[in-house]
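Q: this is the structure alone, sequence omitted:
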């Protein structure tokens with residue numbers, strides 16, 4: 001790395017053999033071997049000379065190093081001596097500077113002390129003169145001059161706080177305090193004379209003296225200012241307490257407007273007469289209004305407790321509306337600055353809500369609640385500014401809001417009864433396939449009323465009354481679900497197996513089966529759509545109620561039970577639709593199981609029972625799909641539930657077809673394939689717009705119907721030799737159940753003796769159960785992979801085409 005070299009001899013991986021081979025690659029090259037040897041020897045001699053020179057040159061290095069070290073030590077000693085000399089000279093210079101500046105420092109101290117003394121004497125002169133002038137002006141009631149002088153005297157006196165130990169200074173301070181006390185008492189006396197507490201007639205009025213006195217009060221103890229404000233407001237509201245005594249007619253809630261009209265007049269009168277007397281920063285107009293609110297709140301609370309039985313809903317809402325309007329007027333007129341000084345605790349203001357229940361909709365849908373996901377993308381209205389006066393009077397109505405809650409309970413009960421009566425009078429909604437299943441109008445009416453109640457109650461209170469109203473909402477949501485929705489579903493009877501259609505299924509193929517009419521199907525779909533709307537709207541209602549209520553009460557609002565109720569209605573509606581179609585297909589399946597399949601001589605088109613099943617599907621499914629167009633996911637649920645119900649039933653009826661000949665099995669295989677194609681096309685059957693069926697539904701159909709096809713394929717297989725037959729069964733069906741194997745043997749029409757030997761062989765050929773299993777014979781093997789299923793489907797299709 002230090003001396004880069006291209007010589008091969010210097011490489012770390014030098015190989016002598018490779019190097020020689022490189023010098024003499026052929027036999028002819030050996031002719032100049034002597035020349036190469038001579039060159040290498042010359043190179044060796046040169047290297048030896050270089051090494052010898054270097055070794056000799058290093059013999060004097062040690063001696064030279066010691067000599068250099070000694071010279072460095074001498075230089076360091078000389079440097080140290082010079083530094084010491086410089087330090088000594090610096091100390092001498094510093095001492096000389098101190099001697100020079102000693103006199104200058106003394107002069108600086110003297111100057112500072114002299115300046116402080118002159119300033120203090122000047123302040124003392126000002127203080128003494130100011131105290132004398134203050135006492136003289138106080139006696140002459142020259143408040144205009146006193147206001148400025150007093151502030152100056154107080155400021156100057158602050159400079160003497162550290163000199164209070166001097167008797168003369170302490171005496172001046174006591175004279176200032178005495179003058180302040182005398183001014184306070186004198187100003188209070190002047191205000192008492194101008195605005196006497198006793199008597200209703202105001203003998204005094206605004207004057208320049210009182211205006212200047214207010215300026216002085218700003219400098220005095222804050223208690224003087226508070227006393228002036230308190231006495232003036234009390235005297236100003238004394239007439240109000242007389243006019244609106246509890247025993248007066250105008251004191252009741254129906255004339256609450258007169259209270260607010262009175263204070264409006266008084267505020268206007270104050271502005272005209274006394275607006276300039278008090279300093280603007282006192283906010284006297286706002287203070288009068290705030291004290292009026294407190295007095296009114298106390299008076300209304302007292303009179304409502306006394307006459308609680310006379311409070312009606314309309315009267316209560318009227319009083320609350322007028323009061324909240326007045327509070328809104330105060331918020332526009334005043335800033336609420338006096339509410340933060342300890343006089344009034346600022347009430348908690350409910351947060352502005354983006355609740356769509358509170359947004360005014362334009363157009364024909366003004367009275368409807370539309371709470372879809374798209375609403376969240378709309379620009380939100382700007383937040384309404386907080387009202388600092390919210391609840392300052394209206395809080396007194398909160399203990400009596402039970403009257404409003406009871407009224408809403410009664411109104412909602414009557415509304416539900418009216419919905420029931422209207423439904424009975426008008427009957428179920430007329431089928432309208434083009435527009436899809438319509439939501440019942442009563443649903444929108446109910447939530448519109450909920451909107452009105454929630455807005456009203458949130459304006460009245462965001463506390464316990466909102467919780468009580470939520471309880472009422474829950475009660476009538478449940479009643480609506482049971483009385484209007486569940487109560488109007490087509491009647492069913494209950495059996496041990498669950499809900500079944502009341503019509504008994506006839507066994508003969510082609511017999512008429514009691515089915516839901518077109519109107520009943522549309523009604524079920526309409527109820528399902530309504531329940532879905534109620535479910536989504538109830539979830540939104542819960543969120544909006546939590547926005548409206550106080551934060552501490554949010555956890556008590558929970559409408560999960562009501563949402564579960566609507567989910568039950570949806571599930572029952574889907575189950576009814578499934579049972580109706582399933583029951584319509586039962587006679588056809590029964591006819592299939594009663595056919596003599598051992599007598600079938602040739603394979604033809606699909607059997608009549610398949611045609612019957614397809615006919616029923618084409619009659620019902622398009623109606624249900626069109627009426628559930630707005631709730632696509634529930635139509636998918638209907639398809640899945642029907643497939644889960646029909647396919648096992650079809651397989652059970654398939655097992656009843658016994659015995660089956662080879663041709664009969666081929667015909668059944670053809671029928672099974674036809675049903676499979678129809679079921680795969682079920683979601684879009686009879687529709688002009690062909691949509692791909694949901695993957696979850698397709699998987700169920702393919703899995704179930706493939707099992708039916710595998711059963712028939714096993715039946716078609718020869719049972720000789722038995723080992724091959726058993727292995728083929730286990731491979732195709734992947735079912736270790738002896739019951740299923742027994743049914744296969746019955747379908748083949750084997751004798752009991754043959755079946756017994758087959759069953760013994762089947763038990764012997766079963767694969768070992770997985771570790772930890774219970775070892776029972778009913779375990780199922782793992783399901784075939786999708787690739788295996790598709791391969792089997794292709795083989796079956798080829799087989800069917802060959803037979804046709």
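A: Looks like it came in fine. As the structure is a computational prediction, the values presented were derived from the model and not from experiment.
Q: which residues of the stretch 351-500 of the chain score low on pLDDT?
A: 351-386, 427-437, 492-500 (pLDDT under 70).
Q: can you list the domains in this protein?
A: Using the TED database, the domain parsing of the chain gives 156-333, 394-490+517-571.
Q: looking at the ones you listed, which one has the lowest mean pLDDT?
A: Averaged per stretch, pLDDT over the domains of the chain is lowest on domain 156-333, reaching a mean of 78.
Q: need the strands for the stretch 451-600 of the chain, in chain order.
A: Under the criterion DSSP state E, counting those that start in this stretch, strands of the stretch 451-600 of the chain are mapped to 493-495, 498-500.
Q: deepest of the domains of the chain, which one?
A: domain 394-490+517-571 (a mean of 19; mean count of other CB atoms under 10 Å). To be clear about C-beta, it is placed using only N, CA and C from the backbone, and glycine gets the same treatment.
Q: ok, residue 307 - contacts?
A: residue 252 (CB atoms under 8 Å, 6 or more residues apart in numbering).
Q: among the domains of the chain, which comes closest to residue 717?
A: Smallest distance to residue 717 across the domains of the chain (CB to CB): 42.0 Å, for domain 394-490+517-571.
Q: picking that back up, please convert the domains of the chain to CSV, extending it with distance to residue 589.
A: Shown next, in CSV, are the domains of the chain (distance: least, CB to CB, whole Å):
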stretch, distance to residue 589
domain 156-333, 61
domain 394-490+517-571, 22
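Q: nearest to residue 22, out of those domains?
A: That would be domain 394-490+517-571 among those, by CB to CB, at 88.2 Å.
Q: got phi/psi on residue 463?
A: When read as degrees, to the nearest 10, the backbone of residue 463 gives phi -110, psi -130.
Q: what distance do you get for it to residue 284?
A: Using CB to CB, to the nearest Å, residue 463 is found at 33 Å from residue 284.
Q: my read: residue 763 touches residue 738, true?
A: Yes - counting by CB atoms under 8 Å, residue 763 touches residue 738, with 7.1 Å between them.
Q: ranges for the helices of the stretch 1-150 of the chain?
A: Ranges of helices in the stretch 1-150 of the chain, per DSSP state H, counting those that start in this stretch, are 16-23, 33-57, 61-140, 143-158.
Q: tell me which of these sits most buried.
A: Highest mean neighbour count among these (mean count of other CB under 10 Å): helix 143-158, a mean of 18.
Q: just checking, next helix/strand downstream of that helix?
A: Downstream of helix 143-158, the first helix or strand assigned by DSSP states H and E is helix 167-194.
Q: could you tell me the angle between that next one and helix 61-140?
A: 50 degrees (axes from the mean of the first three to the mean of the last three CA atoms, to 10 degrees).
Q: and helix 167-194, what other elements does it pack with?
A: helix 61-140, helix 143-158, helix 208-219, helix 222-243 (3 or more CB pairs under 8 Å, 6 or more residues apart in numbering; DSSP states H and E).
Q: how much space between residue 748 and residue 598?
A: On the measure of CB to CB, residue 748 and residue 598 end up 10 Å apart.
Q: now residue 542: how far from residue 82?
A: The gap separating residue 542 from residue 82 is 91 Å, by CB to CB.
Q: again with residue 553
A: Distance, residue 553 to residue 82, using CB to CB: 87 Å.
Q: quick one: which of the domains of the chain is nearest residue 619?
A: Residue 619 lies closest, by CB to CB, to one member of the domains of the chain: domain 394-490+517-571, at 9.4 Å.
Q: for that closest one, measure first residue to last.
A: The first residue of domain 394-490+517-571 is 46 Å away from its last residue (CA to CA, to the nearest Å).
Q: need phi/psi at residue 689.
A: Dihedral angles (degrees, to the nearest 10) for residue 689: phi -100, psi 110.
Q: burial count for it?
A: The local packing of residue 689 (other CB atoms under 10 Å) involves 5 other residues.
Q: before we move on, what about the one 3 residues further on?
A: The local packing count at residue 692 equals 8, with neighbours defined by other CB under 10 Å.
Q: which helix or which strand is home to it?
A: Short version, using DSSP H and E: residue 692 is in no helix or strand.
Q: tell me the pLDDT of it.
A: 85.
Q: from residue 683, how far out is it?
A: For residue 692, the distance to residue 683 - CB to CB - is 9 Å.
Q: same question, residue 676
A: When residue 676 is compared with residue 683 (using CB to CB), they lie 14 Å apart.
Q: can you pull up the most central residue in the chain?
A: residue 543 (8.7 Å; CA atoms, centre = their mean).
Q: circling back: I'd like the helices of the stretch 1-150 of the chain as TSV, with distance to residue 167 appended.
A: Below are those laid out as TSV (distance: least, CB to CB, whole Å):
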stretch	distance to residue 167
helix 16-23	116
helix 33-57	100
helix 61-140	13
helix 143-158	16
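Q: quickly, which of these bottoms out on average pLDDT?
A: Taking the mean pLDDT of these, helix 143-158 comes last: a mean of 67.
Q: so which other helices or strands are in contact with the helix or strand where residue 715 lies?
A: Residue 715 belongs to helix 695-716 when elements are defined using DSSP H and E. Counting contacts by 3+ CB pairs under 8 Å, 6+ apart, helix 695-716 packs against helix 632-656, helix 662-680, helix 722-733, helix 738-748, helix 786-803.
Q: could you say what helices and strands the helix or strand where residue 263 lies packs with?
A: Assigned by DSSP H and E, residue 263 falls within helix 256-274. With contacts defined as 3+ CB pairs under 8 Å, 6+ apart, helix 256-274 has these neighbours: helix 222-243, helix 284-306, helix 313-333.
Q: mind putting these into TSV with distance to residue 73?
A: Formatted as TSV, the helices and strands packed on helix 256-274 follow (distance: least, CB to CB, whole Å):
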stretch	distance to residue 73
helix 222-243	83
helix 284-306	91
helix 313-333	92
